[in-house]
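Asks: Here's my sequence, what's the structure:
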Amino acid sequence: MSIDKQTVARIAHLARIAVDDGAQERLKAELSGILAWVEQLNELDTSHVAPLTSVTGHALPMREDAVSDGGDADTILANAPEKAADFFVVPKVIE
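Replies: Numbers count the residues shown, from 1 in each chain. Coordinates of the predicted model:
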C-alpha cells in the first residue's frame with residue numbers, strides 16, 4: 001500500500017503538526033515503507049500462536065487484607081520538618 005500526499009496532509013492535520021511540501025514527500029516515503037513492513041508481517045502464519053494476555057504469564061502476589069490502626073502518629077511525624085499536634089505543617093499555596 002502506498003501513501004499519497006493528500007493522505008500525508010490528512011495525517012498531519014489529525015496529528016496537529018505543520019508539514020511543508022518538502023517534508024510531505026519524505027513522510028510519504030517513510031509511511032509507505034512502514035505500511036509495506038506491516039504488510040510483510042501479515043504474511044506470517046500465526047494460527048498456531050496463542051493470543052498474548054500477559055507478557056509475563058505470572059499472577060501478582062497477593063497480601064492478606066488486614067485492618068490496622070494506621071500506625072503511630074509520633075513515629076510517622078518523627079521526620080517531619082514541621083508539625084502541629086498530630087499533623088504535618090505545609091506552606092500555604094493559595095492566597
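
Asks: Number of residues surrounding S32?
Replies: Neighbours of S32 under the rule other Cβ atoms under 10 Å: 16. For the C-beta atoms, the positions are set from N, CA and C on the backbone; glycine is no exception.

Asks: Next, find the distance separating it from A12.
Replies: Applying Cβ to Cβ, to the nearest Å, the value for S32 to A12 is 15 Å.

Asks: cool, M62 as well?
Replies: Applying Cβ to Cβ to M62 and A12 gives a distance of 48 Å.

Asks: Who has more neighbours out of these two?
Replies: More crowded of M62 and A12, by other Cβ under 10 Å: A12, with 16 against 6.

Asks: can you pull the alpha-carbon coordinates of stretch 37-54 into PDB?
Replies: Output of stretch 37-54 as PDB, limited to C-alpha atoms (Å, rounded to 0.1, in the frame of the first residue of the first chain):
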ATOM      1  CA  TRP A  37       6.700  -3.700   6.500                       C
ATOM      2  CA  VAL A  38       3.300  -4.300   8.300                       C
ATOM      3  CA  GLU A  39       2.000  -6.000   5.100                       C
ATOM      4  CA  GLN A  40       5.100  -8.200   5.300                       C
ATOM      5  CA  LEU A  41       4.200  -9.100   8.900                       C
ATOM      6  CA  ASN A  42       0.700 -10.000   7.800                       C
ATOM      7  CA  GLU A  43       2.100 -12.800   5.600                       C
ATOM      8  CA  LEU A  44       3.200 -14.800   8.700                       C
ATOM      9  CA  ASP A  45       1.200 -17.800   9.800                       C
ATOM     10  CA  THR A  46       0.200 -17.200  13.400                       C
ATOM     11  CA  SER A  47      -2.600 -19.700  13.600                       C
ATOM     12  CA  HIS A  48      -0.600 -21.900  16.000                       C
ATOM     13  CA  VAL A  49       0.300 -19.000  18.300                       C
ATOM     14  CA  ALA A  50      -1.900 -18.400  21.300                       C
ATOM     15  CA  PRO A  51      -3.100 -14.900  21.900                       C
ATOM     16  CA  LEU A  52      -1.000 -12.900  24.400                       C
ATOM     17  CA  THR A  53      -2.800 -12.000  27.500                       C
ATOM     18  CA  SER A  54       0.200 -11.100  29.700                       C
END
